[in-house]
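Chemist: From the sequence below, what's the structure:
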Amino acid sequence: MSSLSIKNLTKRYDDLTVVNSVSLEVGQGEFVSLLGPSGCGKTTILRMIAGLLDPSGGQILFGDQDVTRLPPNKRNIGLVFQSYALFPHLTVHENVAFGLRRQKVSGRELDMRVGEALERVRLGQHGARYPRQLSGGQQQRVALARSIAPRPSILLFDEPLSNLDAQLREEMQIEIKRLQAELKITSLFVTHDQHEAMSLSDRICLMSGGDIQQFASPEDVYFRPANGFVSGFVGSPNKLSGQVRGGRVALAHGVELDLDRPLTEGMAVSVTLRQEDIHLVPGAEGPLAGTISLRIFEGAHVQYVIALGQGIEVLARVNSRGPLANLVPGTQVALDIAPDRIFVAQAEGVA
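Modeler: Predicted coordinates:
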């Protein structure tokens, strides 16, 4: 196992810069997610680390070894693909053995290591089956077993759960978390799904437009966003705009929000309010009073659409077993939001 470092990594296509001089460190045995919207550069970074794309500039190191110009087969990586990439004509055993055979492993050692990898993903009795005889979740576990059997120093995941349904995704998140905790392989996981990143990662590298916006623990990314882009991307946000007036944020039609710190008078700002940070007070009045226009049952939660003044709507989410779960449309409510849960940034957004 090794640590992973990328230094000033850049990828350009003619005049288009896809990755803009990105640097980050992944410690030995650490699990880091590259998170962001489509086109932010996260998959391009992973493909450069894997050796599938040549960087336009910068350096990639596994521990102290510079691998920037090494071919993929010389990098000792495990790569788990979105599409599983299993050979349909080979058994599960032979799929897992594929990388080991390329390493010239054979005989009893090969069988032992294939069996060990399959046991780790709880498929020890499935070696004689073919991929077509397995469920999607089982096929993904075979892909995991194949990636760990050669004992890589770095494990790379390219959105491996996006083809699974919701229940299988949750099961595979637990499987990956358990496996990584047991093996302590340095891992980089690419995803656009914030729930996956939050639940799996030691740290999250949140990207936009080829740049890192925040690289921190899941708790810091969620509770202490570095800028307007982060606060607007993570969680379930309401996005509003306004202007700083008299130490508060003035929205349209007289609606105002408190601030937990001073900002420049007259500055145009974007405001992010997470749905789960809005506490509803039925029947109350005040500057943040409104009327429930829709109630949406979501299982574990109930979502309310609340009309504030003219033209401003916000969404709030409450526990479906809590005391506020059965408010009906037309109910007047006031919004109680702690100032430190109101994220405000200059209107330009990304720092």
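
Chemist: residue contacts, the closest residue in space to Asp66 that isn't next to it in sequence?
Modeler: Nearest residue to Asp66, sequence neighbours excluded (C-beta to C-beta, 6 or more residues apart in numbering): Gln59, at 6.3 Å. C-beta: built from backbone N, CA, C; applies to glycine. By C-beta atoms under 8 Å, 6 or more residues apart in numbering, the contact set of Gln59 is 5-9, 66, 68.

Chemist: With Tyr222 instead?
Modeler: Taking C-beta under 8 Å, 6+ apart, we find Tyr222 in contact with 198, 234-235.

Chemist: Could I get the full set of helices for this structure?
Modeler: Remark: helices assigned in the chain by DSSP state H are 42-50, 92-102, 107-120, 136-148, 166-183, 194-200, 218-223, 228-233.

Chemist: Out of the ones you listed, flag the one nearest Ser33.
Modeler: For Ser33, the closest of those is helix 194-200, at 3.9 Å, according to C-beta to C-beta.

Chemist: Kindly state the domain boundaries assigned to the protein.
Modeler: 4-223, 236-346 (automatic domain parsing).

Chemist: Look at the longest one and report the distance between its end residues.
Modeler: When you say that, I think you mean domain 4-223. With C-alpha to C-alpha, to the nearest Å applied, domain 4-223 spans 27 Å between its terminal residues.

Chemist: Tell me where the stretch 251-351 of the chain is predicted with low confidence.
Modeler: Scanning the stretch 251-351 of the chain for pLDDT under 70 picks out the ranges 252-254, 310, 348-351.

Chemist: Kindly report the same for the chain.
Modeler: Residues of the chain that meet the criterion pLDDT under 70 lie in 1, 252-254, 310, 348-351.

Chemist: Try it again at 80.
Modeler: 1, 252-256, 258-261, 286-287, 309-311, 347-351 (pLDDT under 80).

Chemist: right, and the helices of the chain - which one's nearest Pro72?
Modeler: It's helix 42-50; of the helices of the chain, that one is closest to Pro72 (C-beta to C-beta) at 5.9 Å.

Chemist: roughly how far out does that closest one sit from the chain middle?
Modeler: Relative to its parent chain, helix 42-50 has a centroid offset of 15 Å by C-alpha atoms, centre = their mean, to the nearest Å.

Chemist: Make residue 1 into 53 and carry on from there
Modeler: Renumbered: residue one is now 53, and that last one reads helix 94-102.

Chemist: Which elements pack onto it?
Modeler: On a contact count with 3 or more C-beta pairs under 8 Å, 6 or more residues apart in numbering; DSSP states H and E, helix 94-102 meets strand 56-65, strand 68-78, strand 83-87, strand 129-132, strand 206-210, strand 238-243.

Chemist: so what does the fifth one touch, helix or strand wise?
Modeler: When you say that, I think you mean strand 206-210. Secondary-structure packing of strand 206-210 (3+ C-beta pairs under 8 Å, 6+ apart): helix 94-102, strand 129-132, strand 238-243.

Chemist: Ranking the domains of the chain by mean neighbour count, which comes first?
Modeler: Among the domains of the chain, ranked by average contacts under mean count of other C-beta atoms under 10 Å, first place goes to domain 56-275 (a mean of 18).

Chemist: will you turn the helices of the chain into CSV that also has distance to Ile348?
Modeler: Shown next, in CSV, are the helices of the chain (distance: least, C-beta to C-beta, whole Å):
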stretch, distance to Ile348
helix 94-102, 31
helix 144-154, 43
helix 159-172, 41
helix 188-200, 29
helix 218-235, 18
helix 246-252, 19
helix 270-275, 23
helix 280-285, 21
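
Chemist: Which one of these lies nearest to Leu346?
Modeler: Proximity to Leu346, assessed across the helices of the chain by C-beta to C-beta, is greatest for helix 280-285 (22.3 Å).

Chemist: Show me what the closest one is in contact with.
Modeler: Under C-beta under 8 Å, 6+ apart, the answer for helix 280-285 is 88-89, 246, 258, 260, 265-266, 273, 277, 289, 291, 322, 324, 395-398, 401-403.

Chemist: if you set the cut-off to 6 Å instead, what comes out?
Modeler: Contact with helix 280-285 is made by 258, 260, 265-266, 277, 291, 322, 324, 395, 397, 401-402, as judged by C-beta atoms under 6 Å, 6 or more residues apart in numbering.

Chemist: Strands along the stretch 303-403 of the chain, start to end?
Modeler: With DSSP state E, counting those that start in this stretch as the criterion, the stretch 303-403 of the chain has strands at 308-309, 320-326, 331-334, 341-349, 353-360, 364-371, 384-388, 394-398.

Chemist: And those strands: which comes nearest Phe209?
Modeler: When those are ranked by proximity to Phe209 (C-beta to C-beta), strand 320-326 comes first, at 27.3 Å.

Chemist: and the residue in the chain sticking out farthest from the centre, how far is that from Val166?
Modeler: Residue farthest from the centre of the chain, counting by C-alpha atoms, centre = their mean, is Gly159 at 40.3 Å. Separation of Gly159 from Val166 (C-beta to C-beta, to the nearest Å) stands at 12 Å.

Chemist: likewise Pro289?
Modeler: From Pro289 to Val166 the distance is 46 Å (C-beta to C-beta).

Chemist: same question, Arg326
Modeler: In terms of C-beta to C-beta, Arg326 sits 46 Å off from Val166.

Chemist: just Pro339 next, same as before
Modeler: 66 Å.
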